[in-house]
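*Asks:* here's a sequence, model it:
(chains A and B)
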Amino acid sequence: DTAVSQTPKYLVTQMGNDKSIKCEQNLGHDTMYWYKQDSKKFLKIMFSYNNKELIINETVPNRFSPKSPDKAHLNLHINSLELGDSAVYFCASSLTSYEQYFGPGTRLTVT
Amino acid sequence: AQSVTQLGSHVSVSEGALVLLRCNYSSSVPPYLFWYVQYPNQGLQLLLKYTSAATLVKGINGFEAEFKKSETSFHLTKPSAHMSDAAEYFCAVSGKSGGSNYKLTFGKGTLLTVNP
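*Replies:* Next up is the predicted model:
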């Protein structure tokens, strides 16, 4: 049983396209997150949702729009993709303020 | 606001040698601290956590870390390195981000290589 899963694992697309990444957790957690890991491995939080409500939005371009249909799912939609969006995107989940559990990541390559 | 500094972006040790990965934090309140490990092309796996209980924390795979408030440090150690320990290691601090919500702030990571 995969605790936090993401699809797809790899995503190659052209500039200007719109794409989505899906995340699901089966841990019963109430908070989910999206992180971006750049080419230097630096991890930065993008968004956080608690019980389907957006609670953290860290100066991310409006082209990125998270959507949480329920507590177990948090999707990330990206409009008008740019070269600089190429990165690995990680979904994570947690219960209250403690440790976060990460998905396997989605490697996005924009050409 | 909290921050994390990992000293040394790359640490190289011989198999069987002591592993020491350094982490210093900055936090205005008592912190929750974590070490995560990332193997190539994988997600992050929690190694251990400090949540204001015992200052010496034991984690998985023989790793441990000691919280030292006076030094604002949370260094990760393992007595004897194994080839399978080669990975990227991230120190992180959890702090409030508005209201009662928390977020993780990560250090820049330390790549550990283990030589045979």
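
*Asks:* so the residue nearest the centre of chain A, which of the three states?
*Replies:* In chain A, the centroid-proximal residue (CA atoms, centre = their mean) is residue A:34; its distance is 3.4 Å. In three-state terms, and counting by DSSP: H, G, I helix; E, B strand; the rest coil, residue A:34 is strand.

*Asks:* need the next SSE after the lowest-mean-pLDDT helix or strand in chain A, C-terminal direction.
*Replies:* Using mean pLDDT, DSSP states H and E, the weakest-scoring helix or strand in chain A turns out to be strand A:53-57, at a mean of 82. The helix or strand immediately downstream of strand A:53-57 is strand A:64-70, counting by DSSP states H and E.

*Asks:* let me see the mean pLDDT of that following strand.
*Replies:* Averaging pLDDT along strand A:64-70 gives 93.

*Asks:* what bridges to residue A:91?
*Replies:* residue A:34 (DSSP bridges).

*Asks:* and it, what is it in contact with?
*Replies:* By CB atoms under 8 Å, 6 or more residues apart in numbering or on different chains, the contact set of residue A:91 is A:4, A:6, A:21, A:23, A:25, A:32-35, A:74, A:76, A:102-103. Bear in mind the C-beta positions are built from the backbone N, C-alpha and C, glycine included.

*Asks:* now render the residues you listed as CSV, adding pLDDT.
*Replies:* Formatted as CSV, the contacts of residue A:91 follow (pLDDT from 0 to 100):
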residue, pLDDT
A:4, 96
A:6, 96
A:21, 98
A:23, 97
A:25, 96
A:32, 92
A:33, 93
A:34, 95
A:35, 95
A:74, 95
A:76, 96
A:102, 95
A:103, 95
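
*Asks:* and those, which is closest to residue B:28?
*Replies:* residue A:33 (21.8 Å; CB to CB).

*Asks:* so which residues on chain B come close to chain A?
*Replies:* B:32, B:34, B:36, B:38, B:41-46, B:49, B:51, B:88, B:90, B:94, B:97-106, B:108-109 (CB under 8 Å from any CB of the partner chain).

*Asks:* out of those, which are inside strands?
*Replies:* Using DSSP state E, the subset of the residues of chain B next to chain A located in strands is B:32, B:34, B:36, B:38, B:44-46, B:49, B:88, B:90, B:94, B:102-106.

*Asks:* please pick the buried ones from those.
*Replies:* B:32, B:34, B:36, B:38, B:44, B:46, B:49, B:88, B:90, B:94, B:102-106 (16 or more other CB atoms under 10 Å in any protein chain shown).

*Asks:* please name the nearest non-neighbouring residue to residue B:52.
*Replies:* residue B:30 (5.7 Å; CB to CB, 6 or more residues apart in numbering or on different chains).

*Asks:* distance check, the one you found against chain A.
*Replies:* 12 Å (CB to the nearest CB, to the nearest Å).

*Asks:* give me the neighbour count for that residue.
*Replies:* Residue neighbour count, defined by other CB atoms under 10 Å in any protein chain shown, stands at 11 for residue B:30.

*Asks:* same check, this time on residue A:7
*Replies:* Residue A:7 has 14 nearby residues by other CB under 10 Å.

*Asks:* residue A:59 too?
*Replies:* If we define neighbours as other CB under 10 Å, then residue A:59 has 6 of them.

*Asks:* let me know the pLDDT of it.
*Replies:* 78.

*Asks:* what separates it from residue A:25, distance-wise?
*Replies:* 25 Å (CB to CB, to the nearest Å).

*Asks:* partner strands of the helix-or-strand element of chain B with minimal mean pLDDT, with direction?
*Replies:* Least confident helix or strand, chain B: strand B:102-106 with a mean of 85, by mean pLDDT, DSSP H and E. Taking DSSP bridges as the criterion, strand B:102-106 forms sheet pairs with strand B:87-96 (antiparallel).

*Asks:* thanks again, I'm all set now.
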